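1. Compute the structure for the input listed below.
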Amino acid sequence: MLRKIFNAVVILPLAILFVVFAVANRHIVTLSFDPFSSSDPALGVSLPLFVVIIAVAMFGVVAGGVATWFGQRHWRRAARQHEADARHARAELADLRERSLAAARSGENRVPAAGAGGGLAPSYLAIGRDKQGAAL
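-> Down below sits the predicted model:
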């Protein structure tokens, strides 16, 4: 249903506009690729004007997409690295949970009390805050 509405509201008017544009600009123009002779070009092609305009617009869209894709490569690389880090952290967390459950089942308590160690905080308890202000 949504696709039919989209076709009726967007695609149909664009198609009508395209046909009207093509009919209004159907005269032949010569594209010259010869910078030295514009009257009798060695490299040239004769096309309807609407074909030239639409081809140039399509080339611009493709060139812009390629430039954007190359410009965002560092963001994609960072996203892949963060995803790998998150996967590693999830695996490590699952391993630690498994060890904790195994230790709880066997009755062992490997975590020393907070006051142990001569009044100093154990090394596994981080003290401070990260950049966002969260307790470490």
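2. Could you report the neighbour count for Phe21?
-> Phe21 is flanked by 14 other residues according to other Cβ atoms under 10 Å. Backbone N, C-alpha and C define where each C-beta goes, glycine included.
3. any idea how far it lies from Val52?
-> Relative to Val52, Phe21 is positioned 12 Å away (Cβ to Cβ, to the nearest Å).
4. and if you look at Glu98?
-> Glu98 is 66 Å from Val52, by Cβ to Cβ.
5. next one: Thr68
-> From Thr68 across to Val52, the span is 25 Å (Cβ to Cβ).
6. Neighbour count for these two, which is higher?
-> Remark: of Thr68 and Val52, Val52 carries more neighbours, 16 against 9, as counted by other Cβ under 10 Å.
7. list the buried ones in the host helix or strand of Ile54?
-> According to DSSP states H and E, Ile54 maps onto helix 49-71. Residues of helix 49-71 classed as buried by neighbour count (16 or more other Cβ atoms under 10 Å): 50-52.
8. For the chain, give me the ranges with low pLDDT.
-> 108-128, 135-136 (pLDDT under 70).
9. Dump the C-alpha coordinates for stretch 53-63 into PDB.
-> The C-alpha coordinates for stretch 53-63 follow below in PDB (Å, rounded to 0.1, in the frame of the first residue of the first chain):
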ATOM      1  CA  ILE A  53      21.500  17.000 -19.700                       C
ATOM      2  CA  ILE A  54      20.300  13.800 -18.100                       C
ATOM      3  CA  ALA A  55      23.600  12.000 -18.800                       C
ATOM      4  CA  VAL A  56      25.500  14.900 -17.100                       C
ATOM      5  CA  ALA A  57      23.100  14.800 -14.100                       C
ATOM      6  CA  MET A  58      23.600  11.100 -13.800                       C
ATOM      7  CA  PHE A  59      27.400  11.400 -14.000                       C
ATOM      8  CA  GLY A  60      27.200  14.100 -11.300                       C
ATOM      9  CA  VAL A  61      25.200  11.800  -9.000                       C
ATOM     10  CA  VAL A  62      27.600   8.900  -9.500                       C
ATOM     11  CA  ALA A  63      30.700  11.200  -9.000                       C
END
